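1. sequence and predicted structure, then a few things I'm wondering about:
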Amino acid sequence: MCGIVGLHLREPSLYPRLGELLTGMLGEMVDRGPDSAGMAIYGDPTWSPAGHSSVSVLGAGSDAVFLADSLTESLGAAVTVLEADPTTVIHAAVPTDVLLAAVRETLPAAVIIGFGEDVTVLKGMGNPLELARGFGLPSASGWQGVAHTRMATESAVTAAGSHPFAVGPDQCLVHNGSFSNHLTMKRELESEGVVFDSENDTEVGARFVAKQLSEGVDLEKALRLLGERFDGFYTLLVSTSDSFAVVRDPIACKPAIVAETDQYVAMASEYRALAGLPGIDQAHIFEPEPEEVYVWHR
Ligand SMILES: NC(=O)CC[C@H](N)C(=O)O
């Protein structure tokens, strides 16, 4: 199991409803992964203020005011810290790599679960809908969002093991399935210098895609290369600062459904997560074909 939902909005008048719509979609997928969940929101003015970079961490382990003060001092720029237990979100008007380096130095034991200029990633344990409400997802706005409910197959049920795996700037990958050769792929990536945070198979896929993108490969090609190198089962939803992509393995036994209108592209593991979206009766609805890479751009 595992439940995936994602919403890529084309119509700006829907941006204020992103969180409300995504929460409704996520609520339908709770039974596919009731113990932990995560979400990524693109363009929310509180979570990702314009002109700021954002870094999300688990295990910050220090008081928000103290953390903001120490980071402000080490960066020489004002830092804001938002607590969304167990996730901590850190903002500053500096380039993302500068903020990331300062967070790594100040919080060496924390796990970085997302970073970028436009995305905020929130993960935790417990009932996905309660988590989403606790994070304030229903009132989030923005142009794109992804959420995932996890039924673990490859690593322990922990906040860090939940999806999304957001390991490149403004990137986010969620997965339903399991990669059967993930240890081989992990060893190969490690030999090329890639560093991992978890034992999770999905992280290996996310690190592979992030590496391709960092080397200038486009998202469609990166997902084709993933299909050539990774064995096992997968429906993947991958988002970036300007794209939203879906791909399934050659057997495509993990469910996926897409609804497309002039106003949005929505994807979910099952139709019931899409049924409450505005204009769904007029949407073009289809099941993604095996091995075909679908990419929509902003
Ligand atoms: N049930 C699933 O789809 C699990 C996804 C992934 N293999 C994980 O364990 O996180």
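-> In hand now; what should we look at?
2. can you pull the residues of the stretch 51-200 of the chain lying near the ligand?
-> 150, 151, 152, 153, 154, 155, 175, 176, 177, 178, 200 (Cβ under 6 Å from any ligand atom). For glycine as for every other residue, the C-beta is placed from the backbone atoms N, C-alpha and C.
3. pretty sure the last one sits against residue 157.
-> No - under the criterion of Cβ atoms under 8 Å, residue 200 is not in contact with residue 157, lying 10.8 Å apart.
4. comparing the two, which residue is more hemmed in?
-> Taking other Cβ atoms under 10 Å, residue 200 and residue 157 do not tie; residue 200 has more neighbours (26 against 13).
5. which residue packs closest to that one, ignoring adjacent ones?
-> residue 155 (4.2 Å; Cβ to Cβ, 6 or more residues apart in numbering).
6. with residue 298 instead?
-> residue 242 (4.4 Å).
7. over to residue 3?
-> Residue 3 sits nearest to residue 29 (Cβ to Cβ, 6+ apart), 2.7 Å away.
8. you'd agree the one you found is up against residue 22?
-> No - with contacts counted by Cβ under 8 Å, residue 29 stays clear of residue 22, the gap being 10.8 Å.
9. for the ligand, see how far away the residue nearest to residue 3 is.
-> For residue 29, the distance to the ligand equals 12 Å [Cβ to the nearest ligand atom, to the nearest Å].
10. and the residue of the chain closest to the ligand?
-> Of all residues in the chain, residue 2 sits closest to the ligand, at 3.1 Å by Cβ to the nearest ligand atom.
11. give me the sheet partners of the strand or helix carrying residue 246 and which way each runs.
-> Assessed by DSSP states H and E, residue 246 sits inside strand 243-248. Strand 243-248 has the following strand partners under DSSP bridges: strand 232-239 (antiparallel), strand 294-297 (antiparallel).
12. buried sites along the last one?
-> Read it as strand 294-297. Neighbour-count burial for strand 294-297 flags 294, 296 (criterion: 16 or more other Cβ atoms under 10 Å).
13. please name the residues that touch the residue nearest to residue 3.
-> Counting by Cβ atoms under 8 Å, 6 or more residues apart in numbering, residue 29 touches 3, 4, 5, 128, 147, 149, 268, 269, 270, 273.
14. next: residue 254.
-> 176, 177, 233, 234, 235, 248, 269.
15. one more pass at 10 Å, please.
-> 1-2, 4, 175-178, 233-236, 248, 269 (Cβ atoms under 10 Å, 6 or more residues apart in numbering).
16. then residue 50?
-> 43, 93, 117, 118.
17. buried ones among these?
-> By 16+ other Cβ under 10 Å, the contacts of residue 50 give 43, 117, 118 as buried.
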